[in-house]
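Engineer: mind folding the following:
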Amino acid sequence: MKSTSIISWVRRQKKVHSKVNTSSTMRVGIVHTAGSPCGCAEAVAGGLAALGHATLIVDSEEILLRSEELAATCDLVIDHTDTFLGWGVLRPFVRGELERWGARVVGSSTQACFLADDKIAAKGSLSAAGVPTPPGAAITEVTAELPLWLQPPLILKPACEHMSRGVTLAKTREEARVAIGVLLESYCQPVLVETFIPGRELAVSVLESPEGLEVLPVLEWLSDDNEYRILTAAFKLQENGAAREDAHRIILSSVQRHELESLSRKAFRALGLRDYARFDVRLSPEGRFYFLEANTTPSLETGEALAFSARWAGLDYVHLVKRLLEVAQRRYCADSRTNKTVIANY
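Structural biologist: Residues are numbered from 1 along each chain as shown. Next comes the predicted model:
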């Protein structure tokens with residue numbers, strides 16, 4: 001006798017996979033945070049229009065009201081939520097609502113987003129997979145003592161925020177102690193304290209393809225801070241276009257390129273990501289790569305890292321958007337074929 005849970009699962013799968021659109025024209029939902037400085041929604045909408053697709057743009061703050069509509073009326077949904085209810089830590093909740101209603105989301109699953117957005121949990125998964133990360137510790141109380149092996153300069157980050165919100169450089173242990181108190185009070189979440197890694201700041205974008213994971217040409221950020229080269233929130237909020245001068249393509253040796261591509265693929269799989277992602281990586285003066293963060297929703301603006309790297313790989317912006325749609329469409333079609341076989345058995 002079939003269990004109720006299995007029957008419910010079958011019904012959900014029928015609902016989701018019966019809507020996979022294999023035609024050339026689609027309706028694509030775009031979820032963004034209205035008022036956010038990110039211009040992803042406008043850029044993606046332009047790319048979709050150039051491809052002949054219709055769009056439905058929804059504010060992430062309305063997700064509880066609009067998820068069912070997005071799932072029912074859109075062939076795919078691109079979720080680029082910045083914050084939900086004012087918090088970056090809650091942005092995976094938006095994706096969870098979309099998936100709960102059966103929306104076909106471009107990008108990583110809710111579970112993977114929660115993992116990747118939690119810098120402490122992600123750090124553990126990456127380290128366990130053999131992907132190097134800076135030495136660090138998680139602090140949850142103002143009175144907690146920093147380990148003696150954690151020596152300044154140090155980088156402090158709220159565990160589950162992004163866009164460099166709250167990122168602080170501490171040059172002494174006393175500065176670190178004060179900053180920990182401020183961050184704990186301001187963000188109400190653990191603080192990740194890591195050894196500052198000097199060197200070059202890289203953005204490594206990864207796209208799925210029929211041939212496997214493709215690591216795009218690597219971008220290096222050029223900061224005015226020549227000593228520390230930290231990408232602050234102010235740096236990321238600058239108005240930049242496709243001709244920006246603070247980013248360029250880094251040329252690595254064949255050995256370094258092979259190592260970075262291998263580590264990036266390993267990191268992508270260790271976090272259970274899908275479709276596309278970007279990793280923030282430091283290249284130390286000794287030539288060692290350290291993975292700092294994973295971003296499941298890297299900026300899709302035309303003047304940001306993913307678009308630059310895609311261009312260097314031969315994909316203009318419109319074809320980058322097309323590629324993202326195709327990889328998600330291919331995944332859902334494959335899931336549909338698999339689940340039809342499973343459903344037929346019940």
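
Engineer: just checking, residue 91 touches residue 114?
Structural biologist: No. Between residue 91 and residue 114 there is no contact under CB atoms under 8 Å: 9.6 Å. The way it works is simple: take the backbone N, C-alpha and C, and place the C-beta from them, glycine included.

Engineer: more neighbours: those two, which one.
Structural biologist: Counting neighbours by other CB atoms under 10 Å for residue 91 and for residue 114 shows that residue 91 has the greater number, 27 against 20.

Engineer: assign that one to helix, strand or coil.
Structural biologist: For residue 91, the assignment made with DSSP: H, G, I helix; E, B strand; the rest coil gives helix.

Engineer: skipping adjacent residues, who's closest to it in space?
Structural biologist: Excluding the flanking residues, the one nearest residue 91 by CB to CB, 6 or more residues apart in numbering is residue 81, at 4.4 Å.

Engineer: please look at that neighbour and residue 58 and confirm they touch.
Structural biologist: No. Under the criterion of CB under 8 Å, residue 81 is not in contact with residue 58, lying 10.0 Å apart.

Engineer: list the contacts of the nearest residue in space to residue 154 that is not next to it in sequence.
Structural biologist: Leaving aside its chain neighbours, residue 154 sits nearest to residue 170 (4.6 Å; criterion: CB to CB, 6+ apart). Residue 170 makes contact with 152, 153, 154, 155, 156, 176, 179, according to CB atoms under 8 Å, 6 or more residues apart in numbering.

Engineer: quick one: the strands in the stretch 201-346 of the chain?
Structural biologist: Ranges of strands in the stretch 201-346 of the chain, per DSSP state E, counting those that start in this stretch, are 212-215, 219-221, 247-249, 276-283, 289-295.

Engineer: list the buried residues of the last one.
Structural biologist: Taking 16 or more other CB atoms under 10 Å as the neighbour-count basis, strand 289-295 is seen to contain the buried residues 289, 290, 291, 292, 293, 294, 295.

Engineer: averaged pLDDT, that strand. What do you get?
Structural biologist: Strand 289-295 shows a mean pLDDT of 97.

Engineer: same thing with the second one?
Structural biologist: Rounded to a whole number, the mean pLDDT of strand 219-221 is 95.

Engineer: sounds good, over and out.
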